[in-house]
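Visitor: Structure of the sequence below:
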Amino acid sequence: MAIPFRLRPAEMKDAEFLLAWRNDPATREASHNQDVIGLDDHIKWLSNSLNKPDLRLLWIAEMDGLAVGTCRADRLEYAWEVSWTVAPEARGKGIAHQMLSKLVHSFNEPLVAQVKPDNIASMKVAERAGFVLDKQENGVLFYIYPSTPSIAD
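Guide: Down below sits the predicted model:
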């Protein structure tokens, strides 16, 4: 029997574990911004994120009622850029794939993702969810979802 999995909109009550996941060393290493984030800055960021759904969408992944990850979509000029983080204690269980698969099927607009070349797990997740490598630039792999026009031009 499958464990119930769902994505729900993030709320301010999620701030504590979102910050803990963000500041996890493995998460920071895979991020563009590797700095440790303080609580005040995080609360401000989360509040701004939740209050601008036309620019950022943020979800919490739950398995069997427990928060196990987060994914978000940031509005770019030409697409939505997606990103994801799995809770440290939930890694290696296919959660990132489940999150990204649900996320891509909820959009009718172009999607892109950026992954560092040494982040093999995220590369596999993106490709398994249907993203294809579009280009590599400045030490970052740029993936597009097949219906998204190339950003290499």
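Visitor: make it CA atoms for all contacts and neighbour counts henceforth
Guide: Will do.
Visitor: Report the backbone C-alpha coordinates of the lowest-mean-pLDDT helix or strand in the chain in CSV.
Guide: Using mean pLDDT, DSSP states H and E, helix 25-30 stands out as the lowest-scoring helix or strand of the chain, at a mean of 78. What follows is helix 25-30, C-alpha atoms only, in CSV (Å, rounded to 0.1, in the frame of the first residue of the first chain):
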residue,chain,number,x,y,z
PRO,A,25,24.9,21.7,4.9
ALA,A,26,24.0,19.5,1.9
THR,A,27,21.2,21.9,0.9
ARG,A,28,23.5,24.9,1.1
GLU,A,29,26.2,23.2,-0.9
ALA,A,30,23.7,22.6,-3.7
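Visitor: is residue 133 in a bridge, and if so with what?
Guide: Listed beta-bridge partners, residue 133: residue 143 (assigned using DSSP bridges).
Visitor: Residue 140 is in contact with that one, correct?
Guide: No: in this structure, residue 133 sits apart from residue 140 without contact. The criterion is C-alpha atoms under 8 Å, and the distance is 10.7 Å.
Visitor: Looking at the two now, which is surrounded by more residues?
Guide: For the pair residue 133 and residue 140, the greater number of neighbours falls to residue 133 (20 against 15), based on other C-alpha atoms under 10 Å.
Visitor: Identify the residues contacting that one.
Guide: Contacts for residue 133 (C-alpha atoms under 8 Å, 6 or more residues apart in numbering) come out as 141-144.
Visitor: How about residues contacting the helix ranked longest in the chain?
Guide: With DSSP state H setting the assignment, residue counts place helix 39-50 as the longest helix in the chain. Under the criterion C-alpha under 8 Å, 6+ apart, residues 10-12, 15, 19, 55-58 lie in contact with helix 39-50.
Visitor: and the longest strand seen in the chain, what does it pack onto?
Guide: Ranked by residue count under DSSP state E, the longest strand found in the chain is strand 66-75. Strand 66-75 makes packing contacts with strand 56-63, strand 80-86, helix 95-104 when contacts are defined by 3 or more C-alpha pairs under 8 Å, 6 or more residues apart in numbering; DSSP states H and E.
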